[in-house]
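*Asks:* Coordinates for the following, if possible.
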Amino acid sequence: MAGRAAIVATARHSIARGSRSFALASRLFDSVTRERAWLLYSWCRRCDDLIDGQDHGHDMRAVADPLARVAMVERLTAAALAGEAGGEAAFEALRIVAAETALPPRFAHDLVAGFRLDAEDWRPRSEDDLYRYCYHVAGAVGCMMAVVMGVAPEDRDTLDRACDLGMAFQLANIARDVAEDDRVGRCYLPLEWLAEMDIPPGEHMKPPFRARLTVLVRRLTDRAALHEASARVGAARLPPRSRWAVLAAAGIYGDIARKVAQRGGHAWNGRVSIGMAAKLARVARAGIDALGARADAPRAPALWTRPG
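*Replies:* The predicted structure is shown next:
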C-alpha cells in the first residue's frame, strides 16, 4: 500500500492535469491545507472521470455501463470513508483527508449522488432542480473544502457560503459548456426555461434559437455572480492564506462567467478560458481583497440554500 507522501504526489499530478485554475489557487494555501486540498480534488476528479469516461476532465466519451460505474464509485467511497485502506490512489486520498479533517460523510455521498443523476440521464425540469443539481456536483465540494480549511461542520452559515462558491463555479461551467454538453446529449437548462422561451428540447444550439439561448445563459451568469458575492463573505472568515486562495479561485471562475455573458451569442464559438496573465492578476487582486474582506454581511435570502 502506498504511503501518504506517494498519494499526495499522485494527487498533485491529478490537479495539475485536471485544472490549472485550481492548481494555481491551491499554491496559496499553507502546506497542510494545500496537500489536503489536492487529496480531496484527486478523489473528486477520479470519480467524475470513471463515470463519464474522461481523462482528468478531458475527452468525454459515452460509456456503456454508467450506472455500474456509479455503483462502483459508491462502494469504493463508502469503504474509504469507513477507513478501509488498500483502495486505488484517489480513494486512498479520500480516506486520508477524511480521517485528518473529520470530514462529514454526507457531503461525499451527496457528490456521488450528483454523479448518479448524470448517469441516469437526468434533466432539470425547474430552476430549483437546476440548483439542487449544482449543489450535488459542486456545492457539496465547497462544503468539503471548507472543512478541509478548518471550518467546523456545525458552522452552517459559513458552510452555506462555501456551498455558494461551488454553486457559482458550476453555474459558470454550465454557461460556458452549453455547446460541449449538447454534443454529448446533455442539457442543464431547465425544461421550464426552454418552454418559456419557446425552445424545443434538444434544439437550443440551433441558430434560430441563439438569441433566446443567450437570455437563458445570462440568467445562469447573473445567478453565479450572486453566489460568488455570498461566497466572498464566507471567505473572510477563513485563515489568511485560505482566504487568499478562495478569493483567487472565486475571481478566476467569476471571470469565466463574466466573459460568457460579455460574448453573448458568440460565447460558444470557442471555449471560453482565462489566460495565465489574467489569472495571475486575479491572484494579486485577491491578495489585496483578502485584507479588507467583510465577514458579517447577511446572506441574500433569495439565494438557493443547500439541504440539511
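
*Asks:* Counting neighbours, what do you get for R156?
*Replies:* A count of neighbours around R156, defined by other C-beta atoms under 10 Å, yields 12. Heads up, the C-betas are built off the backbone N, CA and C, glycines and all.

*Asks:* what's the distance between it and R271?
*Replies:* 36 Å (C-beta to C-beta, to the nearest Å).

*Asks:* for A162, same thing?
*Replies:* 27 Å.

*Asks:* The two - which one has more neighbours?
*Replies:* Between A162 and R271, counted using other C-beta under 10 Å, A162 has the larger neighbour count: 31 against 11.

*Asks:* Follow the chain on from the helix or strand hosting the more buried one and name the next helix or strand.
*Replies:* A162 is part of helix 156-176 when elements are defined by DSSP states H and E. Downstream of helix 156-176, the next assigned helix or strand under DSSP H and E is helix 178-183.

*Asks:* Just the CA coordinates for the next helix or strand after that next one, please, in CSV.
*Replies:* Downstream of helix 178-183, the first helix or strand assigned by DSSP H and E is helix 191-196. The C-alpha coordinates for helix 191-196 follow below in CSV (Å, rounded to 0.1, in the frame of the first residue of the first chain):
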residue,chain,number,x,y,z
LEU,A,191,-37.2,22.5,-19.3
GLU,A,192,-39.4,25.2,-17.9
TRP,A,193,-36.9,27.8,-19.0
LEU,A,194,-36.8,26.3,-22.5
ALA,A,195,-40.6,26.2,-22.7
GLU,A,196,-40.8,29.8,-21.5
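
*Asks:* tell me which residues in helix 191-196 are buried?
*Replies:* 193-194 (16 or more other C-beta atoms under 10 Å).

*Asks:* Touching that helix from outside, list them.
*Replies:* 123-127, 200-201, 204, 216, 219 (C-beta atoms under 8 Å, 6 or more residues apart in numbering).

*Asks:* buried subset of those?
*Replies:* For the contacts of helix 191-196, a burial check counting by 16+ other C-beta under 10 Å picks out 123-124, 204, 216, 219.
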